[in-house]
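Trainee: Pasting the sequence and the predicted coordinates here, then a few questions.
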Amino acid sequence: MYRRFISTIAAASIALTALGSTSAFAGERERANALAAILGVAVVGALIHQNRKKDKRHVEVQRPAPSYAPPKHKQPVYKTPKHVKPTHKVPVYQQPKPRPLPQRVNRKLLPQQCFRTYQTRKGRVAMFAEGCLRRNFTAARHLPNQCQYVFRTPEGNRRGYEARCLRDQGYRLARG
């Protein structure tokens, strides 16, 4: 809409400037030539406008309405119900299995089978064997390094973690 309006105003301004630019002493012949030129430009513009209007025509495509088939349902098959004779069994009470501890609590419980006591020259030492912890405790690599010791016993050197140091760090012995 705005394009048509602007093109009309532009054509009118061109026509008026062409008429106004002719000198006052110009003859009738020149004036007729100018009007013919303006009329020719207007006709060419109208033809271009009509041609573009044809290109913008809206084409409607009619499609047939979709047809839907009715739903196909299988016929129900009727069977005689089977009668099952009830059995009267006395329910047996079963002890519920304990739920596993959450991961945050389980991380601080050390396995009981890894707890060992050894006799050294300085007395008895309670410790957790390092190899046993690696096999049975998933968070063994996260144990504090300050609790790791090598103990000399009559059977040879033993590597492990001192129980008292681990207890001070928040680790506990798993019971059960």
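Mentor: Done, it's in. Residues are numbered from 1 along each chain as shown.

Trainee: Name the residues of the lengthiest helix in the chain that are buried.
Mentor: Ranked by residue count under DSSP state H, the longest helix found in the chain is helix 28-55. Across helix 28-55, burial judged by 16 or more other CB atoms under 10 Å covers 34, 38. All C-beta spots, glycine's among them, are computed from the backbone N, C-alpha and C.

Trainee: Got the domain ranges for the protein?
Mentor: Domains of the chain are assigned by automatic domain parsing as 2-55, 105-173.

Trainee: Save those domains as TSV, and put in mean pLDDT and distance to residue 74 too.
Mentor: Listed next are the domains of the chain as TSV, based on pLDDT from 0 to 100; distance: least, CB to CB, whole Å:
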stretch	mean pLDDT	distance to residue 74
domain 2-55	72	56
domain 105-173	88	54
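
Trainee: Show me what stretch 66-85 is in contact with.
Mentor: The contact list for stretch 66-85, computed with CB atoms under 8 Å, 6 or more residues apart in numbering, is empty.

Trainee: what about it, how long is it end to end?
Mentor: Using CA to CA, to the nearest Å, the end-to-end distance of stretch 66-85 comes to 55 Å.

Trainee: Now it: average pLDDT?
Mentor: Stretch 66-85 shows a mean pLDDT of 83.

Trainee: rewinding a little: which of the domains of the chain sits most buried?
Mentor: Scoring the domains of the chain by mean neighbour count under mean count of other CB atoms under 10 Å gives domain 105-173 as the most buried, with a mean of 14.

Trainee: chain center to that one, what's the gap?
Mentor: Offset of domain 105-173 from its chain centre (CA atoms, centre = their mean, to the nearest Å): 45 Å.

Trainee: Relative to residue 46, how far out is residue 52?
Mentor: Using CB to CB, to the nearest Å, residue 52 is found at 11 Å from residue 46.
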